[in-house]
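K.L.:
Attaching a predicted model along with its sequence, questions to come.
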Amino acid sequence: TVVAGVVMGASDLPEERLLRRFKGQLTVLGVSMLFVLLSADLSIASVFALGWGSIFTVLVLMLVVRPISVVVCTWNSDLNWRQKLFVSWIGPKGIVSASVASLFAILLTERGVNGGDSIKALVFLTIMLTVVLQGLTARWVAKWLKLNPEEEATGAVIIGCNPMSRLIARLFQERGESVVLIDTDPEACQKARDENLRVFQSSGLDVDVLEEAGIESVGTFLAMTKNGEINLVLAQRAAEEFNPPRVLAVFPRDPQVNSNNNKTKVNQAFMAQLPIKTWIQYINDGQIKLGKTTLKEAGFGFQRAHLNALIRSGELVPLLVEREKSFQVASGNEDWQPGDNIIYLLHDPRPKLLKRLSGGTSSSRLALEKLPKVEELPIATGASNSTVDESSVN
């Protein structure tokens, strides 16, 4: 078994991740069966026969022996006192203790030595108490020690280096979140690098590249190449292999595609039936504005209705939603809520000359060092309309 593991580890396997997943499933199955078999040989009477002294022994192991061992082992480590205290508390025993105790009990019984069953009973009592007391309270203890702020995963991995995806990447980057772009087009990748974006020139189906891009730690995977079918395949593969919190893709709304998509967790990005090629052309031609609006509690129904009307008419594409502490890509079936800060693209078909005369800028399109100034979308609130300064993205 050891030799086989070394050989498999040194081999260049095409689907190593799937093999590791299968191996993990076998491990869980084997450990579960072993626990059942070992505990089936345990007598409940032998556990009660230990008396209250056994409870005291387990508590000493949990509250004295374990903390002392943790302090000694982490003496020169970088762990702070909160982390050391958490490690001291979390020490549930498992299959190793159970199997070793069962083996010793069998060997002692075969040699006619008394106490084998008592050792096994004490070990299983330790397992039960540590799992129940320490395992079930781990989350509460971590929260009490302020070790789990319960923040959502942030950042994004975006497939595609077109102007629209680069704009979204810059918005993430401006917020201080990590973002990685992946594309096979060398020219598009170079444009992204010129905007100080992290880029991998490779296929979005390459598992090794996705791992190197940090897909296992980011909060969003977004596939937005110009090909909707490819986007859906990329998103489904990412959802199956890595299961990031949010998986979105730009793909056509097709009943058969959507029925298959419902089996995974892939959502349509931005809006239903987004003509991404058209909007990329708008960006290249300077016919869009980058805007931001906040949905307020007062008149929320009117705001939401007007916003959805603009989306359905194809005049507006919601890009990102800032809700409470989260910052994420808008989905095609987004449930708008009061307080949402929405960053969007608005189609502005005015000729470039008219934009210059009206105060708009015309420079290097989206290749900007700083994000363009955002505008406030004039959305009816029932009582009044508000409009703030506008700025062209190009």
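P.N.:
Looks like it came in fine. Residues are numbered from 1 along each chain as shown.
K.L.:
helix/strand/coil for residue 37?
P.N.:
Following DSSP: H, G, I helix; E, B strand; the rest coil, the label given to residue 37 is helix.
K.L.:
distance of it from residue 102?
P.N.:
Residue 37 sits 9 Å away from residue 102, going by C-beta to C-beta, to the nearest Å. C-beta here means a position set from N, CA and C on the backbone, and glycine is covered the same way.
K.L.:
More neighbours: which of those two?
P.N.:
Ranked by neighbour count (other C-beta atoms under 10 Å), residue 37 and residue 102 place residue 102 first, with 21 against 12.
K.L.:
Now for that one: which residues touch it?
P.N.:
Going by C-beta atoms under 8 Å, 6 or more residues apart in numbering, residue 102 touches 38, 41, 120.
K.L.:
What about the residues you listed, which one has the most neighbours?
P.N.:
Counting neighbours by other C-beta under 10 Å, residue 120 leads these with 26 neighbours.
K.L.:
Now that that one has come up, it's in contact with residue 103, right?
P.N.:
No: using C-beta atoms under 8 Å, residue 120 is not in contact with residue 103, being 9.5 Å away.
K.L.:
about what we covered before: need the contacts of residue 102 in CSV (columns: distance to residue 110 and pLDDT).
P.N.:
Output for the contacts of residue 102, formatted as CSV (distance: C-beta to C-beta, whole Å; pLDDT from 0 to 100):
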residue, distance to residue 110, pLDDT
38, 17, 79
41, 14, 77
120, 14, 85
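K.L.:
closest to residue 112 among the residues you listed?
P.N.:
Distance ranking of the contacts of residue 102 against residue 112, using C-beta to C-beta, places residue 120 first at 16.3 Å.
K.L.:
Specify the local secondary structure of the closest one.
P.N.:
Judged by three-state DSSP, the three-state class of residue 120 is helix.
K.L.:
can you check residue 267 too?
P.N.:
When classified by three-state DSSP, residue 267 comes out as strand.
K.L.:
Excluding sequence neighbours, find me the nearest residue to it.
P.N.:
In this structure, residue 267 finds its nearest non-sequential neighbour in residue 331, 4.4 Å apart by C-beta to C-beta, 6 or more residues apart in numbering.
K.L.:
again with residue 145
P.N.:
Distances taken as C-beta to C-beta, 6+ apart put residue 82 closest to residue 145, at 4.5 Å, once the chain neighbours are dropped.
K.L.:
Check residue 107 too.
P.N.:
residue 116 is the one closest to residue 107 (C-beta to C-beta, 6+ apart), at 7.6 Å.
K.L.:
so what's that neighbour up against?
P.N.:
104, 105, 106, 107, 108, 109.
K.L.:
element containing the second one, please.
P.N.:
Under DSSP states H and E, the secondary-structure element containing residue 105 is helix 95-110.
K.L.:
Dump that helix to CSV, restricted to CA.
P.N.:
What follows is helix 95-110 as a C-alpha-only set of coordinates in CSV (Å, rounded to 0.1, in the frame of the first residue of the first chain):
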residue,chain,number,x,y,z
ILE,A,95,-10.4,6.0,15.5
VAL,A,96,-6.7,5.8,16.3
SER,A,97,-7.3,5.7,20.1
ALA,A,98,-10.2,3.3,19.6
SER,A,99,-8.2,0.9,17.4
VAL,A,100,-5.1,0.9,19.6
ALA,A,101,-7.1,0.4,22.8
SER,A,102,-9.0,-2.5,21.1
LEU,A,103,-5.7,-4.1,20.0
PHE,A,104,-4.2,-3.8,23.5
ALA,A,105,-7.4,-5.2,25.1
ILE,A,106,-7.2,-8.3,22.8
LEU,A,107,-3.5,-8.8,23.4
LEU,A,108,-3.9,-8.5,27.2
THR,A,109,-6.8,-10.9,27.2
GLU,A,110,-4.9,-13.4,25.2
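K.L.:
tell me the mean pLDDT over that helix?
P.N.:
Average pLDDT, helix 95-110: 80.
K.L.:
buried ones in it?
P.N.:
98, 99, 101, 102, 104, 105, 108 (16 or more other C-beta atoms under 10 Å).
K.L.:
Rebuild the residues you listed as CSV, extending it with distance to residue 194.
P.N.:
Converted to CSV, those look like this (distance: C-beta to C-beta, whole Å):
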residue, distance to residue 194
98, 59
99, 59
101, 63
102, 64
104, 66
105, 69
108, 72
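K.L.:
Residue 289: which of those residues is nearest?
P.N.:
Once C-beta to C-beta is applied, the member of the buried residues of helix 95-110 that ends up nearest residue 289 is residue 98, at 65.1 Å.
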